[in-house]
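Chemist: generate coordinates for the sequence data below:
(one chain, ligands or ions: 1)
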Amino acid sequence: MTSSYLDTIRGFYPIAFCTETLEEEVLSYLRQTGIDPNEVVTANCVCSDDINEMQFPLADGSLPGPFFLGGLNGFPFGGLTGVQAFAQHIPDHGTALVYYGPHIGITEKGEIGKVRCPGHDQDSNCCGAVQAALEKISGATHQPTDLDYQEDTIVDLFRANRERILAARYPIQEATEVMYEAIDERLRLLIDQSKEQFKAKYLVLIGSVFINTDHGLKACIEQRTFRTTNLRTNVVTDHLELFRDYLAAGQAGDELLSIKRR
Ligand SMILES: [Zn+2]
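Modeler: Here you go, the predicted structure:
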């Protein structure tokens, strides 16, 4: 990624960084905190959009998983059943690692909510589900249907935050913030109500806005949450700043150093 494209992204997400080695860095960092990477099982709660599978290295193949908890735009449509099934897959002394959050595209030319997909000569909406829901709250009546219940859930979330979203300079960016908050809140509720099923020792929650880029370039994230819970003692540790410092200390290359400088 060129530095000018990264600067364009940081115009919208000031602490975004590239993710090419994200999982490697997360595991390396977690090892320092006493978590054995060999006993980590992952779940992804991200949008089912195929671009995310291509652009975000959230499971490098060395770990069991991922269990897919997310549906459109990363909302945890897997529900209690999904979270509890995932919980039961974790080794007794192992770690459950959940990556979660909404995604949004930013083109190299600086348009937010768009991305250039492979084989296309025009930009596409990204996330398409969010853009479609925005159109539904902006326009006339919308009839919910069982055939589109995930999208209807997003439409309901946006209706509840309609003024906030439509008053924003970039409604799709604000809608993505609404999604982050809703995903974070729902996921924590699902996990809280599934405590009995988690036999693991640690739970790691890493929440981010995932930022898609034009085809062929590395994707970025802006991390919002990085938290471990010792499920035996209920001690919660916030790693967000510590992980940023870890990356900025040079573990992830020169590009990430700029996080520290900002
Ligand atoms: Zn999407």
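
Chemist: most centrally placed residue in this protein?
Modeler: Central residue of the chain (C-alpha atoms, centre = their mean): G101, 2.8 Å from the mean position.

Chemist: surely it and L205 touch.
Modeler: No: contact criterion C-beta atoms under 8 Å: G101 and L205 do not qualify, at 10.3 Å. Bear in mind the C-beta positions are built from the backbone N, C-alpha and C, glycine included.

Chemist: need the contact list for the residue nearest to the centre of the chain.
Modeler: In this structure, G101 makes contact with 45-46, 74, 180, 183-184, 207-210, 221, 224, judged by C-beta atoms under 8 Å, 6 or more residues apart in numbering.

Chemist: how many neighbours does the residue lying closest to it once chain neighbours are set aside have?
Modeler: Counting by C-beta to C-beta, 6 or more residues apart in numbering, G101 lies nearest to S208, which is 4.5 Å off, once chain neighbours are set aside. Residues within reach of S208, counting by other C-beta atoms under 10 Å, total 26.

Chemist: wait, is S208 part of a strand?
Modeler: Yes: per DSSP: H, G, I helix; E, B strand; the rest coil, S208 lies within a strand segment.

Chemist: what's across from it in the sheet?
Modeler: Q223 (DSSP bridges).

Chemist: wait, it sits on E222?
Modeler: Yes: judged on C-beta under 8 Å, S208 makes contact with E222 at a distance of 6.1 Å.

Chemist: make TSV out of the contacts of G101 and add pLDDT and distance to T145.
Modeler: As requested, the contacts of G101 are arranged in TSV below (pLDDT from 0 to 100; distance: C-beta to C-beta, whole Å):
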residue	pLDDT	distance to T145
C45	95	24
V46	93	24
G74	96	22
Y180	98	26
I183	98	23
D184	98	27
G207	97	30
S208	96	31
V209	96	29
F210	94	28
I221	93	33
R224	97	32
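
Chemist: between those residues, which sits nearest G11?
Modeler: When these are ranked by distance to G11 (C-beta to C-beta), V209 comes first, at 14.0 Å.

Chemist: so who does the closest one touch?
Modeler: Counting by C-beta under 8 Å, 6+ apart, V209 makes contact with 13, 16, 101-104, 176, 180, 221-222, 224.

Chemist: tell me the pLDDT of the nearest residue to it once chain neighbours are set aside.
Modeler: Nearest residue to V209, sequence neighbours excluded (C-beta to C-beta, 6+ apart): E222, at 4.8 Å. Looking at E222, its pLDDT is 96.

Chemist: residues contacting E222?
Modeler: Here E222 is in contact with 13-17, 208-209, 211 (C-beta under 8 Å, 6+ apart).

Chemist: report the buried members of the residues you listed.
Modeler: Among the contacts of E222, those scoring as buried are 13, 16-17, 208-209, 211 (criterion: 16 or more other C-beta atoms under 10 Å).

Chemist: could those go into CSV alongside distance to the ion?
Modeler: As requested, the buried ones among the contacts of E222 are exported to CSV (distance: C-beta to the ion, whole Å):
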residue, distance to the ion
Y13, 17
A16, 18
F17, 21
S208, 14
V209, 12
I211, 12
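
Chemist: separation between the residue nearest to the centre of the chain and the ion?
Modeler: Using C-beta to the ion, to the nearest Å, G101 is found at 11 Å from the ion.

Chemist: now do R227
Modeler: From R227 to the ion the distance is 24 Å (C-beta to the ion).

Chemist: and that residue, that's in a helix?
Modeler: No: applying three-state DSSP, one finds R227 to be strand, outside a helix.

Chemist: state the number of residues packed around the residue nearest to it when sequence neighbours are not counted.
Modeler: Closest residue in space to R227, ignoring its immediate chain neighbours: L205 at 5.1 Å, by C-beta to C-beta, 6+ apart. Per other C-beta under 10 Å, the neighbour tally for L205 reads 21.

Chemist: swap in the one 5 residues further on?
Modeler: The number of residues packed around F210, counting by other C-beta under 10 Å, is 29.

Chemist: surely it and P102 touch.
Modeler: Yes: using C-beta under 8 Å, F210 is in contact with P102, at 7.1 Å.
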